[in-house]
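> Predicted model, plus sequence, below.
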Amino acid sequence: MITELFSTTVLIGILASGIRLATPYLYAAIGETFSQKSGVLNLGVEGQMLLGCFAAFYVAFTTGNLWLGVLAAMIVGAVMGLAMAFVTVNLHAQQGISGIGFYLFGLGMSDLLFQRLMGTVETVKGFQKIYIPGLSDIPGIGEILFNQNILVYGAYLLVPIAWFVLNKTTLGLKIRAVGENPDAADSLGVSVAQVRYFTIILGGTLSGVAGASLSIALLNVFQQNMTSGLGFIAVALVYFGAWKPVGVLGGALLFSMVNSLQLWIQVLGIPVPSDIAVMMPYVLTILVLVATVSRVRAPSALTKPFERDE
Amino acid sequence: MKKFAWIVTFVLALALVLSACGTPAEEPAEVPAAEEAAEAPAEEQAAEEAAPAEPFRVAVVMPSAINDLAFGQSMYDALIRVQEEMGGPEYFEFVYSENMFVVDDAAAAIRDYATQDFDLIIAHGSQYGSSLQEIAPDFPETSFAWGTTVDTFGQPNIFAYEAASHEGGYVNGVMAASLTKSNVIGVVGPIETGDAKLYVDGFKAGVAATNPDITVNVNYIGSFSDVALASEAATTHIAAGADVMTGSAQMVTGAIGKADEAGVLWLGTQSSQASLAPSIVVATQVFHWEVVINEIVALVKEGTLGGQSFVIDLANGGEVIEFNDAYALPEDVKALAEETVQGIIDGSITITLP
């Protein structure tokens, strides 16, 4: 049975489903990376994702247009981000607590809207796998990397873009400055509020897309609380990835690959109790986190509201 | 709350009417319920003299949603049917708290209902047991029911109920074994315990009894709500060669979606799942809790508030194998399934669980 784990079918299966499972984490965690880099911890990701899930599903279900669904999820996520920005930047609210508040709002609101507008679980025909001539035919690699839907590709494309924006542009420099030393940034004429509004809204928008990737690309259903903690894992992945897009990618992939590995372990009948198997991704994530955490440093101004000293 | 319940019922019924072709002919359960709502006033007048001064009032607390196509919905649909049988909300009134996954919140809700003089409070989740054990003695005049379990804690005001879900699981297993061509069957379970484990074990016994050469791959994903992981578990089963699948609890919607895409057959349990994927759902073991609720209601009216436990099974009609009319099940498989149901009822088939 153990040897079956190393057969080509199984290895391809593990890698392909790991790539898919990582998609929502990537959108949400990259978005969260931006807001944390600017000094704002957004714990409302899960709520933004849930509302994104519902908005995308409902719009796609009623109009039949999947891209309108994605747009709706982005708008809903952005509005949630705007509210979060107002509360944390203007009102100087404690970020952790208000984030939890936004999570609970998203959880309840998506449930309420689902009850009122849908009433029962439905399915929608979501984004289909895209066949890329040549690439999709490569044995193994093609099945793993080039047999996915557009939102999966989008998530991976986001990683180099985020890296570029954060490290090679003036905007990225401003974001990092605001997150490290808002007073210095402010004295140099950078509007701390403006930068933070931008990153929080961007984070919300990407969380919305993360939700859409679940409800209209990967699962094609909407159910209450369907993210079931995914958004919180995304926040953890930002710490795991040491506030770097590439680190986040590594964390998301590690977590997802181990998750798909444990699915296969059970399917192949390898005698590991199911309770132990489902623990694996979490235990491993904690172990890696413990091993690396001493070497990285969070943005200095993270969770600190900015107030100009007059 | 009551008004809201009716809106939900109406929307549910509407959705069912719209997808009427997916509703099996022998069980048009919710549709009459909605009609009943419209007809209720007329009926009220006709039966005014017989109408009791107060309706029988039930409160239910459940961990998932009333429309989860699984455990929660099975209880909600049953309460709707009881209400319909008893003559509408004038005679039988119920309120519910759903998504009470946090046991502490559920305990608070149970206590709140108890202070409001409900005739019966149903704690629809085995995780609520220890809370109920504490609450029930404080309200000796109120009747409580909880499931799925057989344990009444020796309390005179607690009823217990459970489902012999291994029976329907066995029948589903027999059908699955007859339908598979690849001889690989996949199972997506939540947590390896209680009703889900009972169903899965029954299912495996049914497959083994029909064809011992078939491989049944079982996957417990460790969650009742993680739709994404359930979906990926289904993908894994399909990659491992499964052409028939089953699963238990509310997160299987994710798995059914993947089965639908891949054209893999699905056997359901708890509530009818045919509406979700009419082309691949073969049959569902549907829980008819009203069998138990009716008995409990009768006992409470007589003054017995608890101390007994009930089981729904194929024999007492509490479990019904609902075939999906939209799926063309070969006649011989259907006949075999019906024979199996009969065999379990008359005792000629005994199910050996591991």
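Arrived safely, thanks for sending. Residues are numbered from 1 along each chain as shown, chains lettered A, B, ... in the order given.
> where do the helices sit along the chain?
Went with chain A since none was named. Remark: helices assigned in chain A by DSSP state H are A:8-37, A:45-63, A:66-85, A:95-113, A:141-145, A:150-168, A:170-180, A:182-187, A:192-213, A:230-240, A:245-267, A:274-292.
> ah, no, chain B please
B:2-18, B:30-46, B:71-86, B:103-115, B:129-135, B:165-179, B:194-210, B:227-239, B:252-262, B:290-302, B:331-346.
> now those helices in TSV, with mean pLDDT and mean neighbour count?
Backbone N, C-alpha and C define where each C-beta goes, glycine included. As requested, those are exported to TSV (pLDDT from 0 to 100; neighbours: other C-beta atoms under 10 Å in any protein chain shown):
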stretch	mean pLDDT	mean neighbour count
helix B:2-18	44	16
helix B:30-46	43	15
helix B:71-86	94	23
helix B:103-115	91	18
helix B:129-135	91	18
helix B:165-179	96	27
helix B:194-210	94	23
helix B:227-239	93	27
helix B:252-262	92	26
helix B:290-302	94	18
helix B:331-346	95	16
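> Quick one: neighbours of residue A:64, just the number.
11 (other C-beta atoms under 10 Å in any protein chain shown).
> cool, and residue A:246?
For residue A:246, using other C-beta under 10 Å, the count is 13.
> So for it, what's the pLDDT?
Residue A:246 carries a pLDDT score of 96 in this model.
> ok, back up a step: out of the helices of chain B, which is closest to residue A:254?
helix B:227-239 (15.8 Å; C-beta to C-beta).
> how near is residue A:235 to chain B?
17 Å (C-beta to the nearest C-beta, to the nearest Å).
> just to revisit the earlier point, okay if I get the helices of chain B as CSV plus distance to residue B:323?
Formatted as CSV, the helices of chain B follow (distance: least, C-beta to C-beta, whole Å):
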stretch, distance to residue B:323
helix B:2-18, 17
helix B:30-46, 18
helix B:71-86, 18
helix B:103-115, 35
helix B:129-135, 35
helix B:165-179, 9
helix B:194-210, 16
helix B:227-239, 22
helix B:252-262, 17
helix B:290-302, 20
helix B:331-346, 7
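> can you redo those as TSV with distance to chain A?
Listed next are those as TSV, based on distance: least, C-beta to the nearest C-beta, whole Å:
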stretch	distance to chain A
helix B:2-18	3
helix B:30-46	10
helix B:71-86	9
helix B:103-115	13
helix B:129-135	20
helix B:165-179	16
helix B:194-210	10
helix B:227-239	4
helix B:252-262	5
helix B:290-302	20
helix B:331-346	25
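> Point to the helix or strand of chain A where mean pLDDT is at its lowest.
Of all helical and strand segments in chain A, the minimum by mean pLDDT, DSSP states H and E falls on helix A:274-292, at a mean of 83.
> neighbours around the closest residue to chain B within chain A, how many?
Across chain A, no residue is closer to chain B than residue A:278, which sits at 3.0 Å (C-beta to the nearest C-beta). If you count neighbours by other C-beta under 10 Å, residue A:278 ends up with 23.
> Low-confidence regions, the stretch 151-300 of chain A specifically.
For the stretch 151-300 of chain A, the stretches with pLDDT under 70 are A:294.
> Quick one: name the residues of it near chain B.
Contacts of the stretch 151-300 of chain A with chain B, taken as C-beta under 8 Å from any C-beta of the partner chain, map to A:214, A:218-221, A:223-230, A:259-260, A:263-264, A:266-269, A:273-275, A:277-279.
> could you redo the last one with a cut-off of 6 Å?
Contact residues (C-beta under 6 Å from any C-beta of the partner chain) of the stretch 151-300 of chain A with chain B: A:219-221, A:223-226, A:228, A:263-264, A:266-267, A:274, A:278.
> Mind giving me the packing neighbours of the least confident helix or strand of chain A?
helix A:245-267 (3 or more C-beta pairs under 6 Å, 6 or more residues apart in numbering or on different chains; DSSP states H and E).
> elements contacting the helix it packs on?
helix A:8-37, helix A:150-168, helix A:230-240, helix A:274-292, strand B:215-220, helix B:227-239.
> returning to what we had before: what angle separates the least confident helix or strand of chain A from strand B:215-220?
Inter-element angle recorded for helix A:274-292 and strand B:215-220: 50 degrees (by axes from the mean of the first three to the mean of the last three C-alpha atoms, to 10 degrees).
> May I see the buried residues of helix A:274-292?
A:274, A:277-278, A:280-281, A:284-285 (16 or more other C-beta atoms under 10 Å in any protein chain shown).
> In chain B, which residue sits nearest chain A?
For chain B, C-beta to the nearest C-beta, closest residue to chain A: residue B:222, 3.0 Å.
> my read: that residue touches residue A:279, true?
No. The pair residue B:222 / residue A:279 is not scored as a contact, 7.7 Å apart, by C-beta atoms under 6 Å.
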